[in-house]
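Engineer: Structure for the following, please:
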Amino acid sequence: MGKSILAVNAGSSSVKITFYTYENPPKAIADAQVSGITAPPSTLKYQRGDVKHKEQLKEQLNTPQDAFKFLLSRCFNDPELSEVASDEDLAYICHRVVHGGDYHEAVTITDETYHHLKKLEDLAPLHNFSALEIIRLCRQELPKVQSVTCFDSAFHQTLPECVRTYPIDQKVAKANGLRKYGFHGISYSFILRSVAQFLGKPMEKTNLIVMHIGSGASVCAIKEGKSVDTSMGLTPLAGLPGATRSGDVDPSLVFHYTNEAGKLSPASTKEMHISTAEEILNKKSGWKALTGTTDFAEIAVEKPPSAAHKLAFDIVVDRILGYIGNYYVKLGGQVDAVVFAGGIGEKSALLRRTLAEKCRCLGVAIDSTANDQGPEDDQTVKDISANDSAGKGPRFEMAYHCVCSRS
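Structural biologist: Residues are numbered from 1 along each chain as shown. Take a look at the predicted model:
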């Protein structure tokens, strides 16, 4: 029996694993996810072929490691999943790690690379901590299986110096790794390949503005197949607002928000070092702070249930428009497509329509029927541009099935 590849996507409150065949291109064998780790009861979602299963778990899964071990056991003990009956059937374990610092590409986990990533943990404490704890667990309990890490920041290593540099003391900046890194790079890399193929263009000749809009949201300008700017920065907090993230605010805001903002949060741990200010901007802001909900589907409706819901929607639209205009100019108006991706980008027809209407000055238009319809089965890219906009400006596309793209 051939070996398989295990992909792991660890978040602060969820863990997702997918088994793939060890071939080029790999094919998904089974997919399992535990969510609600920090807000029990936890929920299991499991899919093998056409078989889908969802249940609320009785087990107490309090950490990402607990969830990962539970998922492995569940899959290894599924009699219908003969391809992966134990760790002996695994060729590699591929981990999504949000922050890779200056790493330009995926790396094999060794003592050296693991300890280097531990040093970067403070730059993305809400993300890297969970991933590194699972990597540590794999090294201890699955020592025969090689772990490989893929970084969300790697795609943005092509950012020009003037874009990635913050105007602060450069001795301090370089000593502490303080610069723009950018994230969602695994998603952007997939989208670039998929959209370029869809347009029939080489990647190195493809110019895109891509919006990865989910609970964590960002925008990326891609010129000739390379990232030249992106909205997230040193951490995923910069740029667009999210479900619980503020996005860009005046840096002095936290000092006026509360006199406790500079102190360590009671929720901090020795491993995570989350200050109260970071907790406020990462977990107590965004559209949840405005509306009380993290579900954007309750906000992006024709008749908002409250003025706060309408305001949250308008803020998201306004901030995204700012980046579209910024990146359109940075790309010299030479844009092949404007791409919607991420859970909200893929599902919210109202958001896409609103943004398209407000971008009419770019010479684009959206096809309302195509916009309102969902993707066909296994459809990776869908063109939602109006036919009469061809040749007048960039196309509007939707990109689906972005592997490990949620953040």
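Engineer: Can you list the neighbours in contact with the least confident helix or strand in the chain by mean pLDDT?
Structural biologist: When the helices and strands of the chain are compared on mean pLDDT, DSSP states H and E, strand 395-399 comes out lowest with a mean of 76. Contact partners of strand 395-399, identified using CB atoms under 8 Å, 6 or more residues apart in numbering, comprise 190-191, 194-195, 198-199, 210, 336-341, 345-346, 352, 356, 364, 366, 375, 380-385, 389. C-beta here means a position set from N, CA and C on the backbone, and glycine is covered the same way.
Engineer: Direction included, what does it pair against?
Structural biologist: Strand 395-399 has the following sheet partners, assigned by DSSP bridges: strand 337-341 (parallel), strand 381-383 (antiparallel).
Engineer: got the CA positions of the longest one in PDB?
Structural biologist: Taking only C-alpha atoms (Å, rounded to 0.1, in the frame of the first residue of the first chain), the coordinates of strand 337-341 have been written out as PDB:
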ATOM      1  CA  ALA A 337      -8.500  40.100 -12.400                       C
ATOM      2  CA  VAL A 338      -9.900  41.100  -9.000                       C
ATOM      3  CA  VAL A 339     -10.300  37.900  -7.100                       C
ATOM      4  CA  PHE A 340     -12.700  37.100  -4.100                       C
ATOM      5  CA  ALA A 341     -11.600  34.300  -1.900                       C
END
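Engineer: need the next SSE after it, C-terminal direction.
Structural biologist: Toward the C-terminus, strand 337-341 is succeeded by helix 342-347 as the next helix or strand (DSSP states H and E).
Engineer: now for that next one, which elements pack on it?
Structural biologist: strand 208-212, helix 349-358, strand 395-399 (3 or more CB pairs under 8 Å, 6 or more residues apart in numbering; DSSP states H and E).
Engineer: Pick the most buried one from those.
Structural biologist: Of all these, strand 208-212 has the most neighbours on average by mean count of other CB atoms under 10 Å, namely a mean of 28.
Engineer: Quick one: list the elements packing against that strand.
Structural biologist: helix 185-199, strand 218-223, helix 307-330, strand 337-341, helix 342-347.
Engineer: Tell me what angle it forms with strand 395-399.
Structural biologist: 40 degrees (axes from the mean of the first three to the mean of the last three CA atoms, to 10 degrees).
Engineer: What's the mean pLDDT across strand 208-212?
Structural biologist: Averaged across strand 208-212, the pLDDT comes to 96.
Engineer: can you pull the contacts of R96?
Structural biologist: A7, V8, N9, A10, A131, T149, C150, D152, I186, C404.
Engineer: Can you tell me the SS state at it?
Structural biologist: Three-state call for R96 (DSSP: H, G, I helix; E, B strand; the rest coil): strand.
Engineer: same deal with D250?
Structural biologist: Reduced to three states with three-state DSSP, the structure at D250 is coil.
Engineer: Kindly report the same for C138.
Structural biologist: C138 ends up helix, using three-state DSSP.
Engineer: wait, isn't it in contact with I93?
Structural biologist: Yes: taking contacts as CB atoms under 8 Å, C138 lies within contact range of I93: 5.5 Å.
Engineer: Domain boundaries for this structure, per the record?
Structural biologist: With domains defined by automatic domain parsing, the chain comprises 4-151, 200-399.
Engineer: tell me how far the ends of the longest one are from each other?
Structural biologist: According to CA to CA, to the nearest Å, domain 200-399 extends 15 Å from its N-terminal end residue to its C-terminal end residue.
Engineer: swap in the first one?
Structural biologist: The first residue of domain 4-151 is 21 Å away from its last residue (CA to CA).
Engineer: now the helices and strands packed on strand 208-212 in a markdown table, with distance to V34?
Structural biologist: Formatted as a markdown table, these follow (distance: least, CB to CB, whole Å):
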| stretch | distance to V34 |
| --- | --- |
| helix 185-199 | 21 |
| strand 218-223 | 25 |
| helix 307-330 | 29 |
| strand 337-341 | 24 |
| helix 342-347 | 18 |
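Engineer: of all those, which lies closest to K284?
Structural biologist: The closest of the helices and strands packed on strand 208-212 to K284 is helix 307-330. By CB to CB, the value is 14.7 Å.
Engineer: angle of that closest one against strand 218-223?
Structural biologist: 10 degrees.
Engineer: just to revisit the earlier point, intersection of neighbour lists for C138 and I93?
Structural biologist: Common neighbours of C138 and I93, counting by CB under 8 Å, 6+ apart, are V145, S147.
Engineer: The least confident helix or strand of the chain versus helix 185-199: what angle between them?
Structural biologist: Orientation note: strand 395-399 sits at an angle of 130 degrees relative to helix 185-199 (the same axes, to 10 degrees).
Engineer: gap between strand 395-399 and the chain center?
Structural biologist: Relative to its chain's centre, strand 395-399 lies at 18 Å (CA atoms, centre = their mean, to the nearest Å).
Engineer: when you compare where that strand runs with where helix 349-358 runs, what's the angle?
Structural biologist: 160 degrees.
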